[in-house]
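Asker: Build me a structure from this.
(chains A and B)
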2 protein chains.
Amino acid sequence: MARVEPVLEHAASDFENAVSRYLEFLRIPSVSTDPAYKDEVRRAGAWLEDQFRSLGFEATLHETPGHPILLAHHEGATADAPHLLYYGHFDVQPPEPLELWESPPFEPATVEGPHGRRVAARGAVDDKGQVMTFLEAFRAWKAVHGVLPAAITVLLEGEEESGSESLPGFLAEHAGTLREASAAIITDTNAWDIETPAITYRLRGNVYVEVTVSGPSCDLHSGLYGGAVVNPLNAMTEILGQLHGRDGRVQIPGFYDDVQDLSAGERNAWTALNFNEAEFLGEAGLTQSFGEAHYTLLERLWARPTCDLHGIWGGYTGPGSKTVIASEASAKLSFRTVPNQKPAKIVKGLEQFLDARTPPDCKWRVEQFGGSEGILVPMDGPFMQAARAGLKDIFKRPAAMVGCGGSIPVVGHLQKQLGLDSILVGFGLSDDRIHSPNEKFELKCLKNGILSHAAILARMGKIAV
Amino acid sequence: MARVEPVLEHAASDFENAVSRYLEFLRIPSVSTDPAYKDEVRRAGAWLEDQFRSLGFEATLHETPGHPILLAHHEGATADAPHLLYYGHFDVQPPEPLELWESPPFEPATVEGPHGRRVAARGAVDDKGQVMTFLEAFRAWKAVHGVLPAAITVLLEGEEESGSESLPGFLAEHAGTLREASAAIITDTNAWDIETPAITYRLRGNVYVEVTVSGPSCDLHSGLYGGAVVNPLNAMTEILGQLHGRDGRVQIPGFYDDVQDLSAGERNAWTALNFNEAEFLGEAGLTQSFGEAHYTLLERLWARPTCDLHGIWGGYTGPGSKTVIASEASAKLSFRTVPNQKPAKIVKGLEQFLDARTPPDCKWRVEQFGGSEGILVPMDGPFMQAARAGLKDIFKRPAAMVGCGGSIPVVGHLQKQLGLDSILVGFGLSDDRIHSPNEKFELKCLKNGILSHAAILARMGKIAV
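Answerer: Sure thing, here's the model as predicted:
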């Protein structure tokens, strides 16, 4: 079995070259939301295609209805080596507002910070810096041993920041070969802090709907009708104002039926994380947490389902006054769900909730915008164990096993379409300002990411499949 | 004392000429909201100036910051005759949407309807047709007797449909002379039905505010924060959803303190009106009335204070989904008030209501857009009695004494700035489609209006002042 130590040594000694390649990658303005940058997105994909080919991968930039997707494959050292699927993306968020950047977003600037050198650029961490961590780990393995300890397929997309619309179709088309992988490794999340690695093993799902409550057949004058007829805006606030009880629990019938409580082990592990609640809230200008009684802030974020209004509108919203009773009002809202909750059941519960509260002469209607289920990756699977061990090899401390309150759609797609569990291991920090001006990545994080992927690959290569 | 009978006979025999003059007036497209029609608004005022001058009035079209205001004055037959102030407006609503008109809005069409001839045009009733009723009554008096039985000041404005912004300043400027009047007569309201005259003696006031609830210092991602932080949109619906109790009563502290109950006499009189609730609701596509328990629909409309939301907005309101927790939400709402309620007390009550319900880490703010008090004109004053008697002279049945759920700002201005009570006597019908395409006025209503004003003037001329 090939030894990992020389690989780590090589990666460390080659790090300045890796940084040069990283800066070259960052100079490509691959903004996927803006059609003006369409060619640049392709150029970023082609740049990666070249990189993987230079490491002996069979690599092809595939056309899609949107931006291209890069698929690259390398056989393992032995026929019984496990097959791993790595995912990342080479597109970036738009850099605007430009005037808030301290240096141009696509001219990466290396500056000194409290943790040593850092690089400021759009995509510094999300997700170009993260993609570099496994690319350079593969390079080090190849350089030292000429082979990789596992069969590797790399899937890199160019429209993650603009909705990944082409991804499900692409996965379906290539399901035959992609299903051969035993696990997926996604590098697009954060470490716990600069000294502590993290694996995200829980994601919430999401059920997004638009609710409209309508009443009179036309807008009415509140002087002539007010006080004697139903007002859909008042009705809307009365209905939606009952979404939560005084204890913060969502009042949709059956909402908590399928919610599983945290194990004592998980709860204790989360408590041991010593999450800095005041800092988390302070960043949003808040002083206290809010929500469901009897759960800690982290539990509310990672393990409890929610209901949030995202938008509400109706009637006259211009300057000054207009005394109208509008004929309808609408709201957008979503439920963050936890593993085992089913979107269809939640929508049905919402409909019962609306039925029970909508006043006479009013009607409700619900339009649904997608729905994804919560994800819980088993903590004791062999690939998860290998990832935890590999991270500990480098960081010399156990990885924080964390949740994420949002959803990462690719994880659901890989689970649903390919039956693959994802190991979410990433190296960003919460102060990296992703999607904002002056996005940055610590070079220490980049280096630890490269070393960690090299070590994880060694650990995973030993798994018998 | 001059006799009224020959005046009525003259008005009846001259009616076709009056109709010709009315149609001429309707052909002027005096749309006050649209600057493109500025000259036409002035032309309508000048047309009236000519009419009143031809009747021996001293008439002047006064400049204002907006559209001009016509002031015309005629002495009474005797020095001790009472002095009356007549109010109306010569501007009209925009005619749009034009495609819904069966004949062009400024080419008045005389057509047969169930009540005989009617005229379809923008302004047919509101307020050009109504203004013609007293103009032609004055003409008949002058033609028969050469004098008027009362001193008359006519105040006609050109921006009622666009907010009457110049009116308060104009009243203040001319308060010295206008205050010499003993009563105001406003002709801009409806009869009860085509056979039954009406006087509006109750108007609700209005307190209009915009409420904003703010929370986090910036918009947040509902995946990363949802369930653990306050959501201003949810808070807004929870707060405003409590504005009404289950019994339909407004929950603002002290809201009903100053509300006076109807007298048994008023309640019985309103019951005797046999108001067609099903028809009223049916026109708005509704099947049942709504609101405060233990009050009839008419009481809720005319004699009970209310709270209606007019607009609400916050967060993401575009197509599709965005999982944002918005930092603030706003709503416009107003309270219809009844006589004796004070706007300042209601705003203070609202502030207490908001204080008591706004969650930690959220703030509320209130912006007020004007406020008017409810109006109750004593039913037994001499001018009111004269108006009721004059209407009965013509219609041969008592006038319905009715309320109006809206406010008519000029009534408040005349009361506040000049100390004048207003007699609201008008001849429109509820199906006249004011402000809508195919606005019309029944010629029977026009004629009864002219005769009624001639008779009311005779009755009022006899009041000793």
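Asker: Contact partners for the residue most central in space within chain A?
Answerer: With distances taken as Cα atoms, centre = their mean, the residue of chain A nearest its centroid is A:Ile408 (3.6 Å). By Cβ atoms under 8 Å, 6 or more residues apart in numbering or on different chains, the residues touching A:Ile408 are A:186, A:188-189, A:203, A:424. (Each C-beta comes from the backbone N, C-alpha and C, glycine too.)
Asker: now A:Glu49
Answerer: By Cβ under 8 Å, 6+ apart, A:Glu49 lies in contact with A:59-61, A:70, A:72.
Asker: Please apply the same query to A:Arg388.
Answerer: By Cβ under 8 Å, 6+ apart, the residues touching A:Arg388 are A:199, A:398-399, A:401.
Asker: Of the contacts of A:Glu49, just say which sits nearest to B:Asp380.
Answerer: Using Cβ to Cβ, A:Leu70 comes nearest to B:Asp380 of the contacts of A:Glu49, at 89.8 Å.
Asker: Name the residues linked to that closest one by a beta bridge.
Answerer: A:Leu61, A:Leu156 (DSSP bridges).
Asker: swap in A:Glu328?
Answerer: Beta-bridge partners, per DSSP bridges, of A:Glu328: A:Ser214.
Asker: That one against A:Asn231, yeah?
Answerer: No: assessed by Cβ atoms under 8 Å, A:Glu328 is found out of contact with A:Asn231, at 10.7 Å.
Asker: from the stretch 51-200 of chain A, which residue is nearest to chain B?
Answerer: A:Gly163 (9.5 Å; Cβ to the nearest Cβ).
Asker: surely A:Ala81 meets A:Pro149?
Answerer: Yes: using Cβ under 8 Å, A:Ala81 is in contact with A:Pro149, at 6.3 Å.
Asker: Looking at these two, which is more packed in?
Answerer: Comparing A:Ala81 with A:Pro149 by other Cβ atoms under 10 Å in any protein chain shown, the one with more neighbours is A:Pro149, at 25 against 21.
Asker: Could you pull up the residues touching that one?
Answerer: A:1-2, A:76-77, A:81, A:141, A:457-458, A:460-462.
Asker: which pair in those residues spans the largest distance?
Answerer: Between all members of those, the farthest pair (by Cβ to Cβ) comes out as A:Trp141 and A:Lys462, at 13.8 Å.
Asker: Of the contacts of A:Pro149, which is the nearest to A:Arg365?
Answerer: For the contacts of A:Pro149, the nearest to A:Arg365 is A:Met460 (49.5 Å; Cβ to Cβ).
Asker: my guess is the closest one meets A:Ala150, correct?
Answerer: Yes: using Cβ under 8 Å, A:Met460 is in contact with A:Ala150, at 5.5 Å.
Asker: List the residues that are in contact with both of these two.
Answerer: Residues touching both A:Met460 and A:Ala150 (Cβ under 8 Å, 6+ apart) are A:82, A:84.
Asker: how about low-confidence regions in the stretch 201-350 of chain A?
Answerer: Scanning the stretch 201-350 of chain A for pLDDT under 70 picks out nothing.
Asker: let's go with 90 and repeat that
Answerer: A:223-224, A:319-323 (pLDDT under 90).
Asker: ranges for the strands of it?
Answerer: For the stretch 201-350 of chain A, strands defined by DSSP state E, counting those that start in this stretch occupy the ranges A:205-214, A:220-221, A:306-315, A:324-325, A:328-337.
Asker: With distance to B:Phe275 and mean neighbour count as extra columns, can I get the ones you listed in TSV?
Answerer: As requested, these are exported to TSV (distance: least, Cβ to Cβ, whole Å; neighbours: other Cβ atoms under 10 Å in any protein chain shown):
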stretch	distance to B:Phe275	mean neighbour count
strand A:205-214	26	22
strand A:220-221	17	18
strand A:306-315	27	25
strand A:324-325	19	23
strand A:328-337	27	25
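Asker: TSV for those, including distance to B:Gln242?
Answerer: Putting the strands of the stretch 201-350 of chain A into TSV (distance: least, Cβ to Cβ, whole Å) gives the following:
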stretch	distance to B:Gln242
strand A:205-214	17
strand A:220-221	23
strand A:306-315	16
strand A:324-325	19
strand A:328-337	17
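Asker: which stretch among these comes nearest A:Val250?
Answerer: strand A:306-315 (4.7 Å).
Asker: Compute the inter-axis angle for the closest one and strand A:328-337.
Answerer: Orientation of strand A:306-315 against strand A:328-337 (axes from the mean of the first three to the mean of the last three Cα atoms, to 10 degrees) gives an angle of 170 degrees.
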